[in-house]
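Student: 3D model of this:
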Amino acid sequence: MSPDDPDHRMPARAADGDMTVEETVVVTERFVHAAPDDDRTHPRAADVDQPVDRTVFIAGLALTLAFVLWGVISPGSLATAASTVLAKMIDATGWVYVLVTVGFVALMLLLAISRYGRIRLGRDDERPEFSTVSWISMMFATGMGIGLIFWGVAEPLSHLLTPPLGLAEPATPESAQLGMEYTIFHWGLHPWALYGVVGLALAYATFRKGLPNLLSSIVFPRKDPAHPARRAVDIFGLFITTFGAATSLGLGALQINSGLTRVFDAPQSNTVSIVVIVVLTALFVVSAVSGTERGVKWMANINAGLAVAVLVFVFAFGPTIFLMNTFVESFGGYLAHFVPMSFRTGANGGREWLAGWTIFYWAWWMSWAPFVGTFMARISRGRTIREFVICVLIVPTLVSTIWFVVMGGTAIRFQLSGVTDMAGSLATGVENTLFTLLDAMPFSTLTAVLVVVLIMLFYVAGADAASLVLGMLSQGGSLHPRTWLVVTWGSMIGAVAIALLLAGGLDAIQTTVIVFGVPFLVVMLGVCYSLLKQLRSEPVVTTVPPGVRTVVAEMRSNTVQQPDSAQPPTPTGPENGAAAPTREATASRTPI
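Tutor: Below you'll find the predicted structure:
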C-alpha cells in the first residue's frame, strides 16, 4: 500500500516479550508522514487541508482580547490581582515546584540512559528532519535565546551585589562565585527539563503514535479531538503562548531602544519602542509564512552565528584567563551543589529570596513549556529519545554556562576592578547592562550594532515560532498551518505588545502568564505518567541495540524458513489444494 494512503496500516507488536503477537493499528498518515517543510503549501503536504478548529480559534482570540482590554483599561488592578494570586501560589506551592522540577530532571536523564533511549520519535527507520546544528539552534532561539541576551550580564551582576540567600558579603569574590553558580542553576538543567518533558511527550505522541501535534494529545490522548476538555487545553495553549510572546516582544523592544540610544542617540520613548515592535512584527510574520525550513531555521542559524561572534569577541578582549578559571570553578560548584540547591525551600530562612528568584523562575519556565515544548516536538521528528535528552538537556546547559561565564564574568571583573560602573548601569535598568559592558571594550559602536541586530533576530525567531505554534493549535495540530492563521496570530502578538506597552501593563501580563502556568504543573505530572505508560508498552525489539535487533530478526527468519525434517513435506498443486502462503516472521519485518 502506498505511504500516501491516508488509511495506511502499520504493523505493531504486543509487548509480551516473544514478539510474535501481532495487531494492526490504523494511523492517521497526515500526522505521521507530514511532507518536508521546504514548501508550506506543497500539494503533497497531507495536513495542509486540515480544517481550522473554529471553536478553539475564536475562543482563544476572545480570551486574549479580554485580558488585553483589562491590561489596557486598568493595568493597576490586573497587576494587583495577578501579583496577589502569584504570591499566594508560590508561598503555598513553592515546595511542590522544588520537588517536581527535580523529578523532571531525573526523569529525562533516566530515560536517556535506559533502554527506552533507543526508541525513535517516529518510525523505526525514520531519520531527523533537520541537521543537529539547526535543530539545537532553533531550540535555543525559541527556548531562551533572548533571555540569555537580556540576563547574560544582569543576573550574575545582580547576585554579586545582592548575594543569594545572604550566604556571602556583597561585591566580594565569594558572592561572585555563589552568584555564578546560582545563575547556572536557574538557566541549566531544570528549565530545559520542563521544556523537554512536554516536547518529548508531544513528539512521541505525534510522530510515533500518529496523534495531532496538540497539547491536548498528551493531556487527553483517548478523548475525541472535539471533546470540550481537549479544546479547553488547546485554548489555554493559545492564550499562554500569545501573551508569553507579546511580553517578550515588549521587553525586547525596550532593550533594542536602549541599544539604539547608545549607537544612534535615539530617544528612549514609547514611540521608538512601538516602531521597533511594528518592524519586528512584520519581520517575524514574513518569516513564519515562509515555513519552518526557510524561516525559523535560517533565522536561528544566523542567530547562532552572531551570538558565537559576540561571545568570542568578549572572551578574546575581556579577562580571558579569569574567565577560564571562572568557568572551571563555577561549573564545578554547580555540579557539587546541585542537590542542595535543587531541594532548598527556605524553610529556615531565605524564603523571600527563593520566591523572588528560583521559584519565580520555575513558574516562568513552566508557563513557557506549552509553547516551547510544542515547537520542540515539531522539529524533533526522527530523533531517538537519547538524542533528544542529550541535545535538549546537556548541550543547552553547557552552552548557557559558557555564555553566562563569559558575559557575566566579564561584568563582575569590570565591577570589582573598577574598570566601569556596572552596578550603576544595573540600577538604571536591566536592558542597559550589556551595552555598558560593550562600551568598556574596543570597537564598542560596532559591537553594539551587532548586538542590536542579534536581539532583533532572536525576537523575530522566537515570535516566528510562536506564530507557527498558534497556527498549529488553531488548525487541529497541522504541521503546516494556513498562512492567514499565522499572519493573524503574528499580528495579534505585535498588537498586544503595543497595547500593553502603552498602558504600562507588560509586567502585569507577565505575572498573569505565570499564574496561568501554575495549574499546568499538575497537567505535566499526568503527562509524565502517560508517557511512561506508553513507553512500557513499546515492543521489546524497539528498545534493544540495533545489532541485537539484527540477530533476533535473522534467528526468527531462519526458524520460520527451515522445515521440520521429521515431517514429510506437504504436497502442493491443484489436485491437493493451493499451498498456504508463507507467513514471514514478525520480527523479520521490523525495520532495523
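Student: and the longest helix for this structure?
Tutor: Longest helix in the chain by number of residues (criterion: DSSP state H): helix 75-113.
Student: rounded mean pLDDT for it, please.
Tutor: Throughout helix 75-113, pLDDT has a mean value of 89.
Student: show me where pLDDT drops low in the stretch 201-350 of the chain?
Tutor: 291-294 (pLDDT under 70).
Student: now residue 409: how far from residue 432?
Tutor: Distance of residue 409 to residue 432, computed by C-beta to C-beta, to the nearest Å: 19 Å. Bear in mind the C-beta positions are built from the backbone N, C-alpha and C, glycine included.
Student: tell me the contacts of the closest residue to residue 399 other than its chain neighbours?
Tutor: Distances taken as C-beta to C-beta, 6 or more residues apart in numbering place residue 140 nearest to residue 399, at 7.2 Å, with adjacent residues excluded. By C-beta atoms under 8 Å, 6 or more residues apart in numbering, residue 140 lies in contact with 300, 303-304, 396, 399.
Student: which of those residues fall within helices?
Tutor: Using DSSP H, those in helices are 300, 303-304, 396, 399.
Student: which among those residues gets closest to residue 247?
Tutor: Minimum distance to residue 247 across the ones in helices among the contacts of residue 140 is 19.7 Å, recorded for residue 303 (C-beta to C-beta).
Student: distance of that closest one relative to residue 329?
Tutor: Distance from residue 303 to residue 329, by C-beta to C-beta: 29 Å.
Student: ok, now residue 145?
Tutor: Residue 145 is 26 Å from residue 329, by C-beta to C-beta.
Student: looking at the two, which has the bigger crowd around it?
Tutor: residue 145 (25 against 15; other C-beta atoms under 10 Å).
Student: and residue 212, that one's in a strand?
Tutor: No: counting by DSSP: H, G, I helix; E, B strand; the rest coil, residue 212 is located in no strand; its state is coil.
Student: so who does it touch?
Tutor: 31, 206, 225, 476-478.
Student: over to residue 78?
Tutor: By C-beta under 8 Å, 6+ apart, residue 78 lies in contact with 67, 70-71, 505, 508-509, 512.
Student: repeat that for 6 Å
Tutor: Shown in contact with residue 78 (C-beta atoms under 6 Å, 6 or more residues apart in numbering): 70-71, 508.
Student: where does the residue most central in space within the chain fall, secondary structure wise?
Tutor: By C-alpha atoms, centre = their mean, the mean C-alpha position of the chain lies nearest to residue 372, the distance being 3.2 Å. Using DSSP states H and E, residue 372 falls within helix 358-379.
Student: next, give phi and psi for residue 53.
Tutor: Dihedral angles of residue 53 (phi, psi; degrees, to the nearest 10) stand at phi -80, psi 90.
Student: for residue 488, see how far away it is.
Tutor: 14 Å.
Student: residue 115 reaches residue 543, doesn't it?
Tutor: Yes: using C-beta atoms under 6 Å, residue 115 is in contact with residue 543, at 4.1 Å.
Student: of the two, who's got more company?
Tutor: residue 543 (19 against 14).
Student: what packs against whatever helix or strand residue 405 lives in?
Tutor: Take DSSP H and E as the rule and residue 405 turns out to sit in helix 395-417. Contacts defined by 3 or more C-beta pairs under 6 Å, 6 or more residues apart in numbering; DSSP states H and E place helix 395-417 against helix 154-161, helix 173-187, helix 297-317, helix 320-336, helix 422-428.
Student: residues touching that helix, excluding its own?
Tutor: For helix 395-417, the surrounding residues in contact (C-beta under 6 Å, 6+ apart) are 136, 148, 152-153, 156-157, 160, 176, 183-184, 187-189, 192, 311, 314-315, 318-319, 322-323, 326-327, 330-331, 420, 422-423, 437, 440.
Student: all helices for the stretch 1-150 of the chain, in order.
Tutor: Per DSSP state H, counting those that start in this stretch, the stretch 1-150 of the chain carries helices over the ranges 29-32, 54-73, 75-113, 132-143, 145-151.
Student: and of these, who's closest to residue 499?
Tutor: helix 54-73 (5.1 Å).
Student: now the closest one: buried residues?
Tutor: 56-57, 59-61, 63-64, 67-68, 70-72 (16 or more other C-beta atoms under 10 Å).
Student: okay, these in CSV with pLDDT and distance to residue 529 next?
Tutor: Below are the buried residues of helix 54-73 laid out as CSV (pLDDT from 0 to 100; distance: C-beta to C-beta, whole Å):
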residue, pLDDT, distance to residue 529
56, 94, 25
57, 94, 30
59, 94, 28
60, 92, 27
61, 92, 32
63, 90, 28
64, 88, 31
67, 83, 31
68, 84, 36
70, 86, 35
71, 80, 36
72, 81, 40
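Student: so the helix or strand harbouring residue 516 versus helix 358-379, what angle?
Tutor: In the assignment (DSSP H and E), residue 516 maps to helix 506-517. Angle of helix 506-517 versus helix 358-379, following axes from the mean of the first three to the mean of the last three C-alpha atoms, to 10 degrees, is 70 degrees.
Student: what's the offset of helix 506-517 from the middle of its chain?
Tutor: The chain centroid and the centroid of helix 506-517 are separated by 19 Å, computed with C-alpha atoms, centre = their mean, to the nearest Å.
Student: tell me the mean pLDDT over whichever helix or strand comes after the helix holding residue 372?
Tutor: Downstream of helix 358-379, the first helix or strand assigned by DSSP H and E is helix 385-389. Over the span of helix 385-389, the pLDDT mean works out to 96.
Student: gap between the residue nearest to the centre of the chain and residue 72?
Tutor: 27 Å.
Student: okay, residue 53 and residue 488: which has more neighbours?
Tutor: Comparing residue 53 with residue 488 by other C-beta under 10 Å, the one with more neighbours is residue 53, at 24 against 17.
Student: what's the pLDDT at the more buried one?
Tutor: pLDDT, read off for residue 53, is 93.
Student: give me every residue that touches it.
Tutor: With the criterion set at C-beta under 6 Å, 6+ apart, residue 53 makes contact with residue 476.
Student: and if we set it to 7 Å?
Tutor: Residues near residue 53 by C-beta atoms under 7 Å, 6 or more residues apart in numbering: 474-476.
Student: among the residues you listed, which are in helices?
Tutor: Among the contacts of residue 53, the residues falling in helices (DSSP H) are residue 474.
Student: among the contacts of residue 53, which one has the lowest pLDDT?
Tutor: Minimum pLDDT across the contacts of residue 53 falls on residue 476, with 90.
Student: could you measure from that one over to residue 52?
Tutor: 8 Å.
Student: what of residue 85?
Tutor: In terms of C-beta to C-beta, residue 85 sits 33 Å off from residue 52.
Student: do the same with residue 139
Tutor: Separation of residue 139 from residue 52 (C-beta to C-beta): 28 Å.
Student: quick one: which of the two has more around it?
Tutor: residue 139 (26 against 17).
Student: got a list of what the more buried one touches?
Tutor: Applying C-beta under 7 Å, 6+ apart, the residues contacting residue 139 are 376, 392.
Student: so what pLDDT did it get?
Tutor: 91.
Student: rewinding a little: ok, of the contacts of residue 140, which one's closest to residue 252?
Tutor: residue 303 (13.1 Å).
Student: could you report the neighbour count for the closest one?
Tutor: 27.
Student: ok, it touching residue 141?
Tutor: Yes: counting by C-beta atoms under 7 Å, residue 141 is a contact partner of residue 303 at 5.4 Å.
Student: give the residues shared as contacts by these two.
Tutor: Common neighbours of residue 303 and residue 141 (C-beta under 7 Å, 6+ apart) are 458, 461.
Student: could you report the pLDDT at residue 380?
Tutor: On the pLDDT scale, residue 380 is placed at 94.
Student: ok, it touching residue 198?
Tutor: No: at 11.5 Å, residue 380 does not count as touching residue 198 under the criterion of C-beta under 7 Å.
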